[in-house]
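Engineer: structure of the sequence below:
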Amino acid sequence: MRIEAGGYINRAVEKFGHRTAISGPQGSLSFTDLNGNGNQIGSGLVRSGLARGDRVAVLSYNRVEVAELWIGLEKHNLVRVVMHSHFDMAVHVATLNQVEASALIFDTRFTAMVDAHRGNLTTVKLLVAIGPNRPPWAESYEAVRDSGNPHNPCLDVDEEQPSFLQLTTGTTGNPKPWIATFRSWRSVIQANAEHFDTFGEGIPAITHHDVNLHFHPLQWATGFQTLFPYFLRGARTVLLDDEVFDPVAIVRTIAEEKVTGLFTPGPMLTPILDEVEKHGDIKGLIRRLMVFIATPEQLNRTTKLLGPVWAHGFGSTEQGAPSTRLTHTEAAEKPGRIGSVGRVISPYHEIRIADERGGKVAHGEVGEIIVRSPMSSSSYWKMPEQTANAFFPGDWFRPRDVGYIDADGFLFYLDRAKDCITTAQGIVYPHTVESALQTHSAVANCGVVGITNGNGQEIVGAILLKSETIGSDGLAAEILALAKSHLKSHEVPARLVFIKDLPTVLGGAKVQRDVLQRQLLEAGS
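Structural biologist: Got it, this is the predicted structure:
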C-alpha cells in the first residue's frame, strides 16, 4: 500500500498551526514553523546530495533540531539512524558502517569524539554539525536547513519501506539496528495514543491543553512513546537537555511549564520523587506518568505524592512501544497485582509465555515472554541470522525476557533470561532482588549479579547510595534485613558492596550487569 510519508504530521499542522508545538533550550516553535523547518532540513539534505532511502544518523542530546530532523527525514524518505548518546564512538562507527550511512548529523558536544573516528567512517559522505563551535570539516546545520524548501514534499512511499532504524540499547555487545517501517511506525503511534487516552479512571484523553515533558533522551523511549501521540492532539512538547540527569530541574520545569505528562525509567523515578518530597508541590499537575519498570514501593509512593496518575509497563526496542501496562485502577482492584507489569496494552498486541520450543505454557508457569504485534513484525538491518533467532514459529518475537502470566492475564516480569543466576537452591532473578534492595530509603540504585566461587555462584548486591548517605557495615545489615522480608531465602544476597559508580546506560535507566560483574571480580569484591 502507498501512503504519504509523514502525512499524519501535515494533518496535525493544519489543525494546530499557530499553537506552540515545542519548547526547548533553543527556543519555541509553532506547529507550522516546526513542520516548515522539518521540511527544510529534509529537502536541504537532498540538495546536499542524499537520495531517498539513504541512511542518515543523528547523534544529539535533546534539542529542538532533533524534532525537526525526525519530521524532515521521514517526509523525504531519508532513513533516520537513531544514535544513543551513551555509546562509545567506536560503537557508533561500527553501526554507521554496518548500515552504510551516507550522513552523520551530530551535536557539537560530540565533536571531539566524531573527529577522532571520522577517518574510520567508510560510507559517510556528509557531516553536519548542530550547535555552536562548528568544526571546519562539517557543514552547518542551519546552512543545510536554510537551503531547503519549507513546503510539504507530499512524497508517496510503500508502507513496508524502512522509515527509521532504532538501535537496541546495548547493555551487552554492540547494538542491533531494528527496522521501523512506515506501517509499523504508524502502528506505534496509534497504539500509544489509545494507551494515553485510556490511562485510568478520571484521567481525560490528551488535548491541546496538555504539556508533555522529555527529560530523558528524546531518541529513546520518551520520544518513541510519547512525542507524536501528544503532537497529534495539539499538545506542547517541552525538552530538557539530557546530557545530565537533574531531578531539581525536572521538578522545577514541571511546576513552571504546567507539565501534564512525562515518561521515566524506573531507576530515575526515585530521585524525582525525592525532589518532589523535598521541594516540589506539583500534585494535581501530572495526569499521565509512564514508567518502565517500577517497583511496587515506587508506585505507591507516586500515588501518595502525585496522585493515581501512573502506569508502568514492559516492552523492548523491537516491539516499538509498551507491550503491556498496569494502571493504578487495575492495581487497586486486587492485592498483589501492583507487582505485575499489566496486561496487553492494545488490541494490536499479543503476549504469551513459552517453553524452550515456543510452546504455550499454563497460567502461573515461568517461561520466556514472547510478543506478537505489528510493531515487532520486522527485522534487524541486514542481519538475517540474528533476525531468524529472534522469532519462534508463528511470528512470535522473543525479547529474551522471563516471566509468567496469571489467570487474569497480568504479566509478571522476572528478568532478562541471560541475567538469571543459578544457585544450588534454584534460579534467582536479579531484578527481583534489586527491587527488594531498593525498598530501603538510602538506596539510590543497585545492581545484583552472580559471582562464581568454589561452591557455585553467590549473589552479590552492588549498592549506590543517595548522595547524603555514607556506607557502613551497619547500613549494609539494615538494607539486607529489609530486603529479606521481600525475598525467598535462596534469593537473599550473600553480601552487599557499596560502590561510587554503577555501570548503566541511558542515564541510569538500565544496569549493565555484565560490566558490573567484571568490575566486582577485578576489585576482588
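
Engineer: so residue 370, which state does it fall into?
Structural biologist: strand (DSSP: H, G, I helix; E, B strand; the rest coil).

Engineer: I figured it hits residue 395, correct?
Structural biologist: No. Between residue 370 and residue 395 there is no contact under CB atoms under 8 Å: 9.9 Å. Just so you know, the C-beta spots here come from the backbone N, C-alpha and C atoms, and that holds for glycine as well.

Engineer: okay, those two: which has more neighbours?
Structural biologist: Legend: neighbour count by other CB atoms under 10 Å for residue 370 and residue 395, higher for residue 370 (23 against 13).

Engineer: how close does the more buried one sit to residue 351?
Structural biologist: Separation of residue 370 from residue 351 (CB to CB, to the nearest Å) stands at 8 Å.

Engineer: do residue 201 as well
Structural biologist: 24 Å.

Engineer: what's the answer for residue 360, then?
Structural biologist: 11 Å.

Engineer: more neighbours: which of these two?
Structural biologist: A count of neighbours by other CB under 10 Å puts residue 351 above the other of residue 360 and residue 351, at 23 against 13.

Engineer: burial measure for the closest residue to residue 39 other than its chain neighbours, as a count.
Structural biologist: Excluding the flanking residues, the one nearest residue 39 by CB to CB, 6 or more residues apart in numbering is residue 150, at 5.1 Å. When neighbours are defined as other CB under 10 Å, residue 150 has 15 of them.

Engineer: can I assume residue 150 sits in a strand?
Structural biologist: No. If the criterion is three-state DSSP, then residue 150 is coil and not within a strand.

Engineer: shouldn't residue 270 be in contact with residue 438?
Structural biologist: Yes. Counting by CB under 8 Å, residue 270 sits close enough to residue 438 to count as a contact (7.3 Å).

Engineer: which neighbours do those two share?
Structural biologist: Shared contacts of residue 270 and residue 438, defined by CB atoms under 8 Å, 6 or more residues apart in numbering, comprise 298, 445.

Engineer: read off the pLDDT value for residue 333.
Structural biologist: Predicted confidence (pLDDT) for residue 333: 95.

Engineer: dump the residue contacts of residue 121.
Structural biologist: Counting by CB under 8 Å, 6+ apart, residue 121 touches 93, 96-97, 101, 104.

Engineer: generate a PyMOL selection restricted to the buried entries among those residues.
Structural biologist: Buried members of the contacts of residue 121, defined by 16 or more other CB atoms under 10 Å, are picked up in PyMOL with:
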select buried, resi 93+96+101+104
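
Engineer: let me have the contacts of residue 121 in JSON lines, extended by secondary structure.
Structural biologist: Shown next, in JSON lines, are those (three-state DSSP):
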{"residue": "93", "secondary structure": "helix"}
{"residue": "96", "secondary structure": "helix"}
{"residue": "97", "secondary structure": "helix"}
{"residue": "101", "secondary structure": "coil"}
{"residue": "104", "secondary structure": "strand"}
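
Engineer: ok, the contacts of residue 121 vs residue 489, which is closest?
Structural biologist: Nearest to residue 489 out of the contacts of residue 121 is residue 93 (CB to CB; 47.7 Å).

Engineer: list the contacts for that closest one?
Structural biologist: So residue 93 contacts 117, 120-121 (CB under 8 Å, 6+ apart).

Engineer: cool, and residue 445?
Structural biologist: 267, 270, 438, 464, 502, 504, 508, 511.

Engineer: hang on, it in a helix?
Structural biologist: No. Under the criterion used here (three-state DSSP), residue 445 is strand, not part of a helix.

Engineer: now it, nearest residue through space, not along the chain?
Structural biologist: In space, residue 445 comes closest to residue 464 once its chain neighbours are excluded; the distance is 4.6 Å by CB to CB, 6+ apart.

Engineer: please apply the same query to residue 467.
Structural biologist: Residue 467's closest residue in space is residue 444 (CB to CB, 6+ apart), at 7.7 Å.

Engineer: and that neighbour, how many neighbours does it have?
Structural biologist: For residue 444, the neighbour count with other CB under 10 Å is 17.

Engineer: quick one: contacts for it?
Structural biologist: Applying CB under 8 Å, 6+ apart, the residues near residue 444 are 270-271, 464-467.

Engineer: which of those sits closest to residue 426?
Structural biologist: Distance to residue 426 across these (CB to CB) is lowest for residue 464, with 27.3 Å.

Engineer: how much space separates the closest one from residue 107?
Structural biologist: To residue 107, residue 464 is 28 Å away according to CB to CB.

Engineer: likewise residue 13?
Structural biologist: 26 Å.
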